[in-house]
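Trainee: Sequence plus the predicted model coming up.
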Amino acid sequence: MDEKALEEKQLLLSKMSVRAPSAGIILNISGSVGEKVPADKALITMSDLSSFKLIGSINEQFARQLKTGSLVYVTIENEKLEGLIGNIAPVVENNKVQFNVHLVESSHPKLIANQNVQIQIFNNKKENTLRIKKLPEFESGKTQKVFVVEGNKAVKKEILFGLIGDEYCEILSGLKQGDVVIADETNSIRHLNEIDIK
């Protein structure tokens, strides 16, 4: 055997040692001992559990709210992890649109494979805004009448809401910082314009 043929055989032999590009867990082996396989066939499927990428889904009717790069929070056991929306699937399946979430802490210890988590998507965010606790009947961009404490009375005032989140509502007009709002109205006082406070 000449030197060139020997080099080719040694090079071929070096390619026979299959090494994974990273550490992980073997999920599937697509071959058996002694089997001859073509160069382009995938022999082993692995999973890298050192970091995670989430796949989220949202109802088709809310798909317009999805934007690549939007901020999201993922809730796992009362802990919130921050992330960003990545690729958004161009097709709708079973009235759902899928999207990827890239977490800042992709290797957080509470993350496990095939885990179901809640994803909150933030389309708008405002800093240093006037806000009050959210009530079920509050709607963004609409006015609402509430009682505001003024001395020993509570006077009905009209307020305008901006952004509405899960817990708070942005106040665009009608209130100022420090105002005390009576939110738990009952039907017996709804028709009144002011009430005495004792």
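Mentor: Noted; the coordinates are in hand.
Trainee: roughly how far is the host helix or strand of residue 7 from the heart of the chain?
Mentor: Per DSSP states H and E, residue 7 falls inside helix 3-14. In terms of C-alpha atoms, centre = their mean, to the nearest Å, the centre of helix 3-14 is set 52 Å apart from its chain centre.
Trainee: who's in contact with the top strand by length along the chain?
Mentor: Counting residues, the longest strand found in the chain (DSSP state E) is strand 153-164. Contacts to strand 153-164, defined as C-beta atoms under 8 Å, 6 or more residues apart in numbering, come from residues 124, 126, 129, 134, 138-148, 169-175, 182, 192-197. C-beta here means a position set from N, CA and C on the backbone, and glycine is covered the same way.
Trainee: Likewise for stretch 61-70?
Mentor: With contacts defined as C-beta under 8 Å, 6+ apart, stretch 61-70 is touched by 58, 84, 85, 86, 87, 88, 92, 97, 99, 121, 122, 123.
Trainee: Counting only strands, which of those make the cut?
Mentor: Counted as lying in strands by DSSP E, out of the contacts of stretch 61-70, are 58, 84, 85, 86, 87, 88, 97, 99, 121, 122.
Trainee: Just the buried subset of these, please.
Mentor: Among the ones in strands among the contacts of stretch 61-70, those classed as buried by 16 or more other C-beta atoms under 10 Å are 58, 85, 88, 97, 99, 121.
Trainee: Confirm for me that residue 177 is in contact with residue 131.
Mentor: No - assessed by C-beta atoms under 8 Å, residue 177 is found out of contact with residue 131, at 10.1 Å.
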